[in-house]
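In: Provided below are the primary sequence and the corresponding predicted coordinates.
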Amino acid sequence: MTDRYLDYLSREHARLENEIRLESKRPKPDEVLIARLKKLKLALKDQMQSWASDHASSDRLTA
């Protein structure tokens, strides 16, 4: 993954966080939607962490 892709993942993570926050503030929030958004957000976080660890590993190998 490139830094550009990591930036995309980060923006998408923030967008999902905002969407969760907005839905939670509604008088009758859709709990199923919130759960789905949280799962998507977690998957993005996992991808970002995986990229970071892979990137750190490759940096150690080239140093």
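Out: Right, received. Where do you want to start?

In: give the contact list for V32.
Out: Neighbour list for V32: empty [criterion: C-beta atoms under 8 Å, 6 or more residues apart in numbering]. Using the backbone N, CA and C atoms, a C-beta is placed for each residue, glycine as well.

In: again with S10
Out: S10 touches M48, counting by C-beta under 8 Å, 6+ apart.

In: okay, buried residues for whichever helix in the chain runs longest please.
Out: If each helix of the chain is counted by residues according to DSSP state H, the longest one is helix 31-62. Residues I34, L37, K41, L44, Q47, M48, W51 are the ones in helix 31-62 that count as buried (16 or more other C-beta atoms under 10 Å).

In: was I right to think the third one contacts E19?
Out: In this case it means K41. No: with contact defined as C-beta atoms under 8 Å, K41 does not count as touching E19 (9.0 Å).

In: so K28: helix, strand or coil?
Out: coil (DSSP: H, G, I helix; E, B strand; the rest coil).

In: what about it, neighbour count?
Out: 5 (other C-beta atoms under 10 Å).

In: can you read off the pLDDT for it?
Out: As predicted, K28 sits at a pLDDT of 97.

In: so how far is K45 from it?
Out: Per C-beta to C-beta, to the nearest Å, K28 is found 28 Å from K45.

In: cool, and R4?
Out: R4 is 18 Å from K45, where distance means C-beta to C-beta.

In: residue contacts, I34?
Out: Contacts of I34 by C-beta under 8 Å, 6+ apart are I20, E23, S24.

In: how much space separates it from H13?
Out: On the measure of C-beta to C-beta, I34 and H13 end up 15 Å apart.

In: what of K39?
Out: For K39, the distance to H13 - C-beta to C-beta - is 13 Å.

In: before we move on, what about L33?
Out: 17 Å.

In: now do S24
Out: When S24 is compared with H13 (using C-beta to C-beta), they lie 17 Å apart.

In: neighbour count winner among the two?
Out: The neighbour comparison of S24 against H13 (other C-beta under 10 Å) goes to H13, with 18 against 12.
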